[in-house]
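J.: Here is a sequence together with a model predicted from it:
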Amino acid sequence: MNIPFSPPFIDQAVIDEVLDCLRTNWITSGPKVKALEYELLSLTGSKATVCVNSWTSGAIMMLKWFGIGDGDEVIVPAYSYCATALCVLHCGATPVMVDILDDFTIDPAQVRSKITAKTKAIIGVDIAGLPCNYNALRKIVSDPKVKRVFTPASAKQSELGRILLISDAAHSIGSTYEGLPAAQKSDITIFSFHAVKNITTAEGGCICLNLPEPFDNQEEYSFLKLFSLNGQNRDAFAKSKGANWRYDILFKGFKMNMPDICAAIGLAQIKQYNNTLLPLRKNIYLKYCQAFEAYDWFIEPTMKDETRESSYHLFPLRVKGITELDRDKIIEGLVNWGVIVNVHFIPMPMLTYFKSIGYSIENYPNSYKQYACEISLPIYPQLSDVEVDFIIESVIGAVQQVTDVNRLVKVLS
């Protein structure tokens with residue numbers, strides 16, 4: 001059997017939506033993007049949504065919007081994909097990394113300990129689809145002592161009057177927090193629609209705005225639409241309608257807009273998401289847990305508790321008591337049996353670039369501990385029961401092989 005890790009969900013509805021886009025002869029930003037933004041408003045309950053061409057673009061844009069730059073600090077978890085810190089570096093600011101909790105989410109106590117007068121934002125990362133403890137993070141940024149330390153350096157920072165709370169929700173579209181869409185718990189939530197995500201546009205992302213008063217989220221939406229299109233006051237779709245050729249550049253913007261041909265894929269998927277695609281992912285998660293709970297090496301992922309429920313983007317299997325080398329051997333065994341898996345993530349301080357600028361994994365022991373025993377299993381709607389059963393059998397067999405070898409080595413030594 002050959003089971004890929006995370007192929008995109010492409011059914012007839014997706015094909016029809018893309019063909020509809022092609023038949024209109026309009027493939028860059030236009031009505032499909034607007035329609036996707038509307039669906040995202042409905043799904044998340046946000047005050048405004050802005051589609052962009054990637055999560056990274058959305059994060060850079062929002063940090064720039066807030067006036068973050070040289071000399072500023074943004075607190076991020078050490079356990080994340082590199083884009084979480086690179087977006088900060090691209091703005092000229094410094095990522096201040098902190099360790100994580102055992103559920104993979106950022107440790108609020110460590111966040112609090114790292115706040116200085118230079119701190120302008122906190123980026124929480126919803127690993128595997130599980131929302132961070134946003135109540136704790138909101139309590140930190142709203143603490144009068146923390147607000148007194150906050151030193152605004154831009155008009156937006158003065159308007160907010162505190163540290164900006166951003167959710168890196170690349171994994172967590174459809175997750176909930178206290179029974180509501182988790183996107184509502186942060187000032188800004190940014191989704192990824194990369195090819196492996198629960199909803200994809202091939203490449204793309206979305207910024208969800210839930211800014212408090214005195215911000216006008218609709219005004220900010222209008223600004224950000226221009227900001228993502230070079231600061232141009234008339235987009236290509238508007239220019240195509242009659243004598244609308246004249247445009248102006250109002251400010252120094254970016255080229256980060258999402259095209260309609262990409263939005264069409266996500267538009268077809270999002271219409272099926274809550275009723276079909278997300279429940280299928282959850283069912284696979286439950287099957288994995290039911291199969292593995294009989295084994296004392298199984299560490300069950302936190303996907304639901306009294307406050308939060310995941311989007312079931314990943315199944316981050318952890319195997320108790322193994323080393324990083326053991327984990328790699330288990331992966332090798334799975335691949336040999338035709339099951340492609342992944343690891344989420346290599347902590348950023350272990351990557352060459354971040355080591356070269358002074359980060360060290362020794363300062364983030366729990367990030368390393370979770371990484372060393374983590375294997376991300378396939379979890380997507382197209383998986384058949386037969387394939388899920390084969391994955392389960394393969395995991396049990398691969399873990400058993402490694403543990404048997406380790407036991408033999410101990411006996412012989």
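T.: Alright, I've got the coordinates.
J.: CA atoms for contacts and neighbours, from now on please.
T.: OK.
J.: For residue 12, grab the count of nearby residues.
T.: 9 (other CA atoms under 10 Å).
J.: Please report how far it lies from residue 265.
T.: Residue 12 sits at a distance of 11 Å from residue 265 (criterion: CA to CA, to the nearest Å).
J.: Lowest average confidence across helices and strands of the protein, where is it?
T.: The helix or strand of the chain with the poorest confidence is helix 236-239; it has a mean of 66 (mean pLDDT, DSSP states H and E).
J.: Tell me which helix or strand comes right after it.
T.: Proceeding N to C from helix 236-239, the next assigned helix or strand is helix 260-272, under DSSP states H and E.
J.: angle of the helix or strand just after that following helix against helix 260-272?
T.: Beyond helix 260-272 on the C-terminal side, the first helix or strand identified by DSSP H and E is helix 278-292. Here helix 278-292 points in a direction 60 degrees away from that of helix 260-272 (axes from the mean of the first three to the mean of the last three CA atoms, to 10 degrees).
J.: Going by residue numbers, what spans are helices in the stretch 51-200 of the chain?
T.: When secondary structure is read from DSSP state H, counting those that start in this stretch, the stretch 51-200 of the chain shows helices at 55-65, 83-90, 108-113, 134-142, 144-149, 155-160.
J.: Mind giving me the packing neighbours of the first one?
T.: With contacts defined as 3 or more CA pairs under 8 Å, 6 or more residues apart in numbering; DSSP states H and E, helix 55-65 has these neighbours: helix 83-90, strand 188-192, strand 205-209.
J.: can the ones you listed go into JSON lines with extra columns for mean neighbour count and distance to residue 114?
T.: Conversion of the helices and strands packed on helix 55-65 to JSON lines gives the following (neighbours: other CA atoms under 10 Å; distance: least, CA to CA, whole Å):
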{"stretch": "helix 83-90", "mean neighbour count": "21", "distance to residue 114": "16"}
{"stretch": "strand 188-192", "mean neighbour count": "28", "distance to residue 114": "21"}
{"stretch": "strand 205-209", "mean neighbour count": "28", "distance to residue 114": "26"}
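J.: Now render the ones you listed as a markdown table, adding distance to residue 109.
T.: Listed next are those as a markdown table, based on distance: least, CA to CA, whole Å:
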| stretch | distance to residue 109 |
| --- | --- |
| helix 83-90 | 20 |
| strand 188-192 | 21 |
| strand 205-209 | 26 |
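J.: In TSV, list those along with mean pLDDT.
T.: Supplementary listing: these in TSV, determined by pLDDT from 0 to 100:
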stretch	mean pLDDT
helix 83-90	98
strand 188-192	98
strand 205-209	98
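J.: what's the closest of the ones you listed to residue 125?
T.: Each of the helices and strands packed on helix 55-65 was checked against residue 125 via CA to CA, and the shortest separation belongs to helix 83-90, namely 8.1 Å.
J.: Pull the distance from that closest one to the chain's centre.
T.: Its chain's C-alpha centre and that of helix 83-90 lie 14 Å apart, by CA atoms, centre = their mean, to the nearest Å.
J.: so where's the stretch 151-300 of the chain uncertain?
T.: Applying pLDDT under 70 to the stretch 151-300 of the chain flags the ranges 236, 238-243.
J.: so which of the helices and strands packed on helix 55-65 comes closest to residue 37?
T.: The stretch from those with the least distance to residue 37 (CA to CA) is strand 205-209; that distance is 8.1 Å.
J.: which helices and strands does that closest one pack with?
T.: For strand 205-209, the contact count by 3+ CA pairs under 8 Å, 6+ apart identifies strand 48-52, helix 55-65, strand 188-192 as packing neighbours.
J.: who does the last one touch, helix- and strand-wise?
T.: Contacts of strand 188-192 with other secondary structure elements, assessed using 3+ CA pairs under 8 Å, 6+ apart, are made with helix 55-65, strand 164-168, strand 205-209.
J.: could you give the angle of the second one to strand 188-192?
T.: Spelled out, that is strand 164-168. With the same axes, to 10 degrees as the criterion, the two stretches strand 164-168 and strand 188-192 enclose an angle of 20 degrees.
J.: orientation of strand 164-168 relative to helix 134-142 in degrees?
T.: Angle of strand 164-168 versus helix 134-142, following the same axes, to 10 degrees, is 150 degrees.
J.: can you give me how far strand 164-168 is from the chain middle?
T.: On the basis of CA atoms, centre = their mean, strand 164-168 sits 11 Å off its chain's mean C-alpha point.
J.: partner strands of it, parallel or antiparallel?
T.: Taking DSSP bridges as the criterion, strand 164-168 pairs within the sheet with strand 119-125 (parallel), strand 188-192 (parallel).
J.: Show me the one of those strands that comes nearest residue 388.
T.: Where the strands paired with strand 164-168 are weighed against each other on CA to CA, the nearest is strand 188-192, at 25.8 Å.
J.: Touching the closest one from outside, list them.
T.: The set of residues that contact strand 188-192 without belonging to it, under CA atoms under 8 Å, 6 or more residues apart in numbering, is 54-55, 58-59, 165-173, 183, 200, 203-211.
J.: And stretch 312-320, by the same measure?
T.: 128-130, 171-172, 197-198, 278, 281-282, 285, 296-301, 303, 327, 343-344, 370, 373-380.
J.: Next up, phi/psi of the residue nearest the centre of the chain, please.
T.: For the chain, the residue sitting closest to the mean C-alpha position, by CA atoms, centre = their mean, is residue 170 at 1.7 Å. Main-chain torsions, residue 170, degrees, to the nearest 10: phi -50, psi -30.
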